[in-house]
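Q: The following comprises the amino acid sequence and a computationally predicted model.
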Amino acid sequence: MESKDMKELKVSAIKEGTVIDHIPARSLFKVISILELQKMDTQITIGYNFESKRLGQKGIIKISDKFPSQKDLNKIALFAPEAKVNIIRDYKVVEKDNVQVPDNIEGIVKCMNPKCITNQENVKTKFTVLEKKNVTLKCNYCEKITDQDHFEMR
Amino acid sequence: MKNKSLISIHDYSKNDYLRIMDLAEEFEKNPRSYGNLLSGKVIATLFFEPSTRTRLSFESAIQRLGGSVIGFTDSSSSSVSKGETLKDTIKTVSQYSDLIVMRHPIEGSARWASEVSDVPIVNAGDGANQHPTQCLLDLYTIRQTQGKLEDLTITMVGDLKYGRTVHSLIQAMSYFSPSFHFVSPEELKMPNEYKMFLKEKNIPFKESNELGEVLKTSDIAYVTRVQKERFSDPMEYEKVKNAFVLKNEMLEGTKSNLKILHPLPRVNEISEDVDENEKAYYFRQALNGVYARMAIISSILGLK
């Protein structure tokens, strides 16, 4: 049995900040990299391979005293579409948000066309999102399609 | 259009197409009136891979308008061979010129160049991706031969899978309620994404692997080269290579307004005896490339 208390033992509660839950375990380190957590100077707790009824194994991230913008949080939707964002004030969840795939994506993923300029020279990828459910991206440079089965981090 | 790069056929609207065609027509009708239009302008033609036909067509267009040309004809004669990045080459050449025409083997290179350049870029082909000036000259040629662009039946023959000219032409023609016939070997059929595009726009099309009958209902036959290297199985190429050759006798019984177009170079997909037929229009189409490029360059520079 996994009680609420047990959970809190695994990952301590935060007083103020942001909790990102329901990250597929396999995407956790990508999410960490997309949000550039390594550059933050506040206390961050990261949980990996936690049991999840929905995801099998999940990851969780608790960031103290920081509230990333919705725009930044939406960037993780490519790899963690079901992630839930909880805003914590004085140990209480005061807001719960979903992440949404944005209309345009810069950086983050590679274009799957090996002949694309973004894979040949130091050019940041730029995509227009054609389809948000089964995420489909069109490269702004070579105009080829990259679908979610072929997402690879930059 | 002024100061705006032309990278993809999607950069232009229907009105832009019509404006370029009208301007090309004006240049064609009054070739002597515009000999100084580009006077004092320096245009760079940067060909990172050789494409003699396209380069000469651009350079002819520039010189007919009185502009001067600088550039290179393949990357071995430029600083690319010393390891310079595309960004640095474009950034530098954009200090020397008023407009850059570029051809590059890497897809998306022209869009990238337009982001780093201080002057407009005209894409003269970026790998298998886009070649928008070819598409505009094709549109101009179709309108010239038919007197209109609306409600035409266009048969596309040959490599419909990799041929970027046919893909661009489908998209550009979609504004003018066309019907299409696609005639190709099984391995080189029109890709699904373009067929989906046509279905969404309610544009009728039929696919076949036999040329004879469909020619009789066509207004335009757009023939492209079937390249041996596109086939995974060389035997397959041997089997089909003669099935998509347009011969003069096949033009009997076709509509009087039918014209045969080809982006060139031709190898053997149109027999030489077709050249004498009044329906053959591909060399005239090449001349139209000069007028279309004159129109594109002068409108981007804001001179017309």
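A: Okay, I see it.

Q: Please count neighbours and contacts with C-alpha atoms only from this point.
A: Fine.

Q: A:Ala25 - nearest residue in space that isn't next to it in sequence?
A: A:Lys58 (4.2 Å; C-alpha to C-alpha, 6 or more residues apart in numbering or on different chains).

Q: For the one you found, report the pLDDT, please.
A: pLDDT, A:Lys58: 94.

Q: What of A:Lys124?
A: pLDDT, A:Lys124: 97.

Q: ranges for the helices of the stretch 51-200 of chain B?
A: Along the stretch 51-200 of chain B, the stretches classed as helices by DSSP state H, counting those that start in this stretch are B:52-64, B:86-96, B:109-116, B:132-146, B:164-173, B:192-200.

Q: what about the residue nearest to A:Glu95 when sequence neighbours are not counted, neighbour count?
A: Closest residue to A:Glu95 apart from its sequence neighbours, by C-alpha to C-alpha, 6+ apart: A:Ile87 at 5.1 Å. By the criterion of other C-alpha atoms under 10 Å in any protein chain shown, A:Ile87 has 21 neighbours.

Q: ok, now A:Lys115?
A: Residues lying near A:Lys115 (other C-alpha under 10 Å) number 18.

Q: I'd guessed it sits against B:Asp126; true?
A: No: under the criterion of C-alpha atoms under 8 Å, A:Lys115 is not in contact with B:Asp126, lying 10.2 Å apart.

Q: intersection of neighbour lists for the two?
A: B:Ile106, B:Glu107 (C-alpha atoms under 8 Å, 6 or more residues apart in numbering or on different chains).

Q: Give me every residue in chain A lying close to chain B.
A: A:Lys115, A:Cys116, A:Ile117, A:Thr118, A:Glu121, A:Val123, A:Asn140, A:Tyr141, A:Cys142, A:Glu143 (C-alpha under 8 Å from any C-alpha of the partner chain).

Q: quick one, what contacts the second one?
A: Same thing as A:Cys116. The neighbours of A:Cys116, taking C-alpha under 8 Å, 6+ apart as the test, are A:Tyr141, A:Cys142, B:Ile106, B:Glu107, B:Gly108, B:Ser109.

Q: End to end on stretch B:243-262, go ahead and measure it.
A: Counting by C-alpha to C-alpha, to the nearest Å, you get 17 Å between the two ends of stretch B:243-262.

Q: now do stretch B:155-172
A: 15 Å.

Q: quick check: mean pLDDT across that stretch?
A: 94.

Q: Also stretch B:45-58?
A: pLDDT averaged over stretch B:45-58 gives 95.

Q: if you look at it, does any of it touch chain A?
A: No: Stretch B:45-58 lies out of reach of chain A by C-alpha under 8 Å from any C-alpha, never closer than 13.6 Å.

Q: Would you mind pulling the contact partners of that stretch?
A: Under C-alpha under 8 Å, 6+ apart, the answer for stretch B:45-58 is B:59, B:69-75, B:100-105, B:124, B:289-290, B:293-294.

Q: Look at the residue nearest to A:Ala25 and say how many residues are nearby.
A: Neighbours of A:Lys58 (other C-alpha under 10 Å): 22.

Q: And the one 3 residues further on, by the same measure?
A: Applying the criterion other C-alpha under 10 Å, we find 22 residues in the vicinity of A:Ile61.

Q: And A:Ser12, by the same measure?
A: Neighbours around A:Ser12, by other C-alpha under 10 Å: 11.

Q: which residues in chain A form strands?
A: Taking DSSP state E to define them, one finds strands in chain A at A:17-24, A:44-52, A:56-64, A:84-89, A:92-98, A:104-106, A:126-131, A:136-139, A:145-147.

Q: Closest residue of the stretch 151-300 of chain B to chain A?
A: B:Glu193 (10.3 Å; C-alpha to the nearest C-alpha).

Q: What parts of chain B come near chain A?
A: B:Thr85, B:Leu86, B:Ile106, B:Glu107, B:Gly108, B:Ser109, B:Ala110, B:Arg111, B:Trp112, B:Asn129.

Q: Of those, which is the most crowded?
A: The most crowded member of these, judged by other C-alpha under 10 Å, is B:Ala110 (32 neighbours).

Q: Could you name the helices and strands sitting against the longest helix along chain B?
A: Identified as the longest helix of chain B according to DSSP state H is helix B:282-300. Applying 3 or more C-alpha pairs under 8 Å, 6 or more residues apart in numbering or on different chains; DSSP states H and E, we find helix B:282-300 packed against helix B:14-29, helix B:52-64, helix B:132-146, strand B:259-261.

Q: want to try JSON lines for these, with mean neighbour count as columns?
A: Output for those, formatted as JSON lines (neighbours: other C-alpha atoms under 10 Å in any protein chain shown):
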{"stretch": "helix B:14-29", "mean neighbour count": "17"}
{"stretch": "helix B:52-64", "mean neighbour count": "19"}
{"stretch": "helix B:132-146", "mean neighbour count": "23"}
{"stretch": "strand B:259-261", "mean neighbour count": "24"}
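
Q: Could you dump those into CSV and include distance to A:Lys92?
A: Shown next, in CSV, are the helices and strands packed on helix B:282-300 (distance: least, C-alpha to C-alpha, whole Å):
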stretch, distance to A:Lys92
helix B:14-29, 56
helix B:52-64, 67
helix B:132-146, 57
strand B:259-261, 71
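
Q: Domain boundaries for chain A, per the record?
A: Annotated domains of chain A cover A:15-98, A:104-147 [automatic domain parsing].
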